[in-house]
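Peer 1: Got a sequence here, can you model it:
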Amino acid sequence: MKNSLIIIIFTILFIGCTINVAPTQEQAEEKVPAQIEMKQAEKKTHKPWPKGEKEYWYARYFFNMAVNPQIQMRLQPRDVYEIVKCAVSKYEKDHSWEWFVANLHDQKTITPEVSQYVFVTTQVCAKKQALKGVKPTPTLSLGEAI
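Peer 2: Numbering: from 1, shown residues only. Predicted structure coming up:
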C-alpha cells in the first residue's frame, strides 16, 4: 500500500514538472506587434453583436475554460466567468460580428494570427482580473488532493 502511494505521488510530481511552460516574455513581446496591426486595421466602430449570440459565447467559452484541469486548479469559477466576459466583450469591441463568424465561430481551423489574438486578449483579461484584487486560488491544496 505504501509503495503504490509513493508511486502515485511521484507520478503526480513528475507530471506536474513536465507541463509546458508559458512562452518567455521576449517571445510574447515579439508577437504583440501583430496584434497591434490587427487592432489598427479593425479600429472602426462596430454595431453590437446579437445579444443571444454573445451570451452563447459567454457560456461556450466558459465551458471550454472550466473543463481545463489547469484552470480549475488556479481559478475559481466566478473568476473564470469574469475573464470570459472581459474577453468576449473585447472581441465585440475590436471586431464586427461578421469577422467573428468568419474567423472564430464554429471554425475547425483557426489561423495562427487569430489564435494569438485570442490568447493575448484572454491573458490581458486574466491580468485585469488579478489586478482587481481577486487572487487566483487553487481549489484543492496538495494535501487535500492526496
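Peer 1: got a list of what Phe100 touches?
Peer 2: Shown in contact with Phe100 (C-beta atoms under 8 Å, 6 or more residues apart in numbering): Trp49, Tyr91, Glu92. C-beta: built from backbone N, CA, C; applies to glycine.
Peer 1: Mind checking which of the residues you listed land in helices?
Peer 2: Applying DSSP state H to the contacts of Phe100, the entries found in helices are Tyr91, Glu92.
Peer 1: what about Ile83, distance to Ile71?
Peer 2: 9 Å (C-beta to C-beta, to the nearest Å).
Peer 1: between the two, which one's more packed in?
Peer 2: The neighbour count for Ile83 versus Ile71, taken as other C-beta atoms under 10 Å, is higher for Ile83 (25 against 17).
Peer 1: The closest residue to the more buried one other than its chain neighbours: neighbouring residues, count only.
Peer 2: With sequence-adjacent residues excluded and distances taken as C-beta to C-beta, 6 or more residues apart in numbering, Ile83 is closest to Cys125, at 4.8 Å. By other C-beta under 10 Å, 19 other residues sit near Cys125.
Peer 1: Just give me the closest of the contacts of Phe100 to Pro112.
Peer 2: Tyr91 (17.2 Å; C-beta to C-beta).
Peer 1: ok, now how distant is the closest one from Tyr61?
Peer 2: 9 Å.
Peer 1: May I have the phi/psi pair for Pro48?
Peer 2: When read as degrees, to the nearest 10, the backbone of Pro48 gives phi -60, psi 150.
Peer 1: Contacts only, for it.
Peer 2: Lys54, Glu92.
Peer 1: per-residue pLDDT, it?
Peer 2: On pLDDT, Pro48 comes in at 83.
Peer 1: quick one on the thing from earlier: find the residues that touch each one of Ile83 and Ile71.
Peer 2: In contact with both Ile83 and Ile71: Met65, using C-beta under 8 Å, 6+ apart.
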